[in-house]
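1. Attaching a predicted model along with its sequence, questions to come.
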Amino acid sequence: ITGTVNSLATGTIANTAKVNGTDTQTVSHTATEGILISEFSSDTSTYTPNGTIVYTLKVKNSGAGHLTNIAVSVPMSSVQTNWANGTIGPAFSSWTTSSVRGPARSARSTDLSENITIAPGEEVTYTITAAVESLASGLINSSATVNGTSTNLVGHTPTPGMLSATMTSTTTNYLPNETISYTITLTNTGSGFVENIPVVNLLDQIQTTLAAGVTGSAFSGWTIDAITTGVGTTSGTTSANNNLNTTAILGPNGTIIYTITATVANNARGEIINTAQVNGASLSTLVHSPKSIGLMNLTKRALSPQVM
């Protein structure tokens, strides 16, 4: 007797024959075991904030028997990373999961978690497309769990930002008791964050020649304004009559503009030289010279008295 086993059979097959009305011994066959293979991977090793990471989980049965009740999970909601604001938060804002075995799964609270049966030679592939949080700036490590065992760890590093910094002024001359305006502009032209960038301008240390030939402070006071465009923060001292001493964080395409409006001392007579530092490097040195004032020669003329 040659029997073809049902392709979906997974349990023990027991067979007993009868001879002259009497049962013979029972012959039992157990199912050949399947062999489980899993692989977790990604299409890239880097990421950008607000970008996407695509993960692929493959679960395969390379054996001759079925694999039943195989638990598969990918806990996307528990993946965390460093944020650019100094905190730790979720790495992903949302994700979708799809496979050849079922409908797409979406929504932040829904992690892939299910039990599956895999036929001999069958491979089940899951694709997870995850949206990276806009403030993500640290390493993102993810893994899956298949049948109670963690897969390989898949890591992603942030794409670096690219900092550009300039310092300018609208004029090269000054008059005592008037103002000089300085503009320090920080721009991130990269696709990742630039973080912990020190910005320093020591205004109270700027000296010039004063009347009578002595040396003293070039400025009697100043104000500092900071305007951010896009994703960015500045923390530290930007208050009036205090040195600019702050730390900047910029997201992709973000810009911070510091505007310093300094009032020149009323007895300033010499050059005023100012250099700011960004990320430890000096920006262009700006030199302001006193304006030349023409002298008016007055000629007194004596008027002859008129005889009445």
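-> Looks like it came in fine.
2. Low-confidence regions, the stretch 51-200 of the chain specifically.
-> Under the criterion pLDDT under 70, the flagged ranges of the stretch 51-200 of the chain are 101-109.
3. one more time with 90
-> Flagging of the stretch 51-200 of the chain using pLDDT under 90 yields the residue ranges 63-66, 68, 85-86, 98-110, 119.
4. mind listing the helices for it?
-> Counting by DSSP state H, counting those that start in this stretch, the stretch 51-200 of the chain has no helices to list.
5. For stretch 140-151, output the C-alpha coordinates as PDB.
-> C-alpha atoms of stretch 140-151 as PDB (Å, rounded to 0.1, in the frame of the first residue of the first chain):
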ATOM      1  CA  ILE A 140      18.500  53.800  15.300                       C
ATOM      2  CA  ASN A 141      18.800  50.100  16.100                       C
ATOM      3  CA  SER A 142      16.000  47.700  15.200                       C
ATOM      4  CA  SER A 143      15.500  44.000  15.300                       C
ATOM      5  CA  ALA A 144      12.800  41.400  14.800                       C
ATOM      6  CA  THR A 145      11.800  38.300  16.900                       C
ATOM      7  CA  VAL A 146      11.000  35.000  15.200                       C
ATOM      8  CA  ASN A 147       9.900  32.000  17.300                       C
ATOM      9  CA  GLY A 148      11.200  33.600  20.500                       C
ATOM     10  CA  THR A 149      14.700  34.400  19.100                       C
ATOM     11  CA  SER A 150      15.900  37.900  18.200                       C
ATOM     12  CA  THR A 151      17.200  38.300  14.700                       C
END
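6. How far away from the center of its chain is that stretch?
-> In terms of CA atoms, centre = their mean, to the nearest Å, the gap separating the centre of stretch 140-151 from the centre of its chain is 25 Å.
7. Would you mark the buried spots in the helix or strand where residue 256 lies?
-> Residue 256 belongs to strand 255-264 when assigned by DSSP states H and E. By neighbour count with 16 or more other CB atoms under 10 Å, strand 255-264 contains the buried residues 255, 256, 258, 260, 262, 263, 264. The C-beta positions use only the backbone N, C-alpha and C, and glycine is treated the same way.
8. For the last one, give me its contacts.
-> In this case it means residue 264. Residues in contact with residue 264 (CB atoms under 8 Å, 6 or more residues apart in numbering) are 174, 175, 176, 177, 178, 179, 180, 218, 219, 220, 272.
9. run the last query once more with 6 Å
-> 174, 176, 178 (CB atoms under 6 Å, 6 or more residues apart in numbering).
10. For the one helix or strand residue 289 maps to, which strands pair with it and how are they oriented?
-> In the assignment (DSSP H and E), residue 289 maps to strand 286-290. The strands beside strand 286-290 in its sheet (DSSP bridges) come out as strand 173-174 (parallel), strand 272-274 (antiparallel).
11. No further queries at this time; thank you.
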